[in-house]
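Enquirer: Task: produce atomic coordinates for the following.
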Amino acid sequence: MKTVLALSGISYGNFRGFRDWRGTFGNIKQNILDPINPDVYLCTYPSDTSVELMKSYNPKKALFIPYENSDARLTYKRTLELLLDVDFDLAITTRYDIKFNQNYPVYNFSFNSEKVNL
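Expert: Just a heads-up that it's a prediction; the model follows:
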């Protein structure tokens, strides 16, 4: 099953509270990247950690957009637009600051390809 991981939103910075993607990268790596090996697509805002972010996630495509006049809906939309010409069976979309519960690993979920799985 060809899987993609689409990350969107604020990866690093003090935007309505401080966020740092490095605090959850280990969790995402353990629960999604290593067991599933998805192709990664990301959209975020430029920051001091953008180069490190690119090296860590090694995305197929990445988009850095200006923070001004942006919001969560726009970054999510722009992330999904990166997938328009991509052939995949399953897309996992999430934010950079989400931790996945290790008692319910994503790679053990049952997915129905005929439905939207939330």
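Enquirer: use CA for all of it now, contacts and neighbours both
Expert: Fine.
Enquirer: Mind jotting down where the helices sit in the protein?
Expert: For the chain, the helices defined by DSSP state H occupy 22-28, 34-36, 50-57, 72-81.
Enquirer: right, and the ones you listed - which one's nearest residue 10?
Expert: helix 72-81 (8.3 Å; CA to CA).
Enquirer: Of the helices of the chain, which is nearest residue 99?
Expert: Short answer: helix 22-28, nearest of these by CA to CA, at 6.0 Å.
Enquirer: And the average pLDDT for that closest one is what?
Expert: Averaged over helix 22-28, pLDDT sits at 95.
Enquirer: which other residues reach it?
Expert: 96-100 (CA atoms under 8 Å, 6 or more residues apart in numbering).
Enquirer: As TSV, the helices of the chain with mean neighbour count and distance to residue 11 would be great.
Expert: As requested, those are exported to TSV (neighbours: other CA atoms under 10 Å; distance: least, CA to CA, whole Å):
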stretch	mean neighbour count	distance to residue 11
helix 22-28	16	9
helix 34-36	14	20
helix 50-57	14	8
helix 72-81	17	11
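Enquirer: now those helices in a markdown table, with distance to residue 10?
Expert: What follows is the helices of the chain, written out as a markdown table (distance: least, CA to CA, whole Å):
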| stretch | distance to residue 10 |
| --- | --- |
| helix 22-28 | 12 |
| helix 34-36 | 23 |
| helix 50-57 | 11 |
| helix 72-81 | 8 |
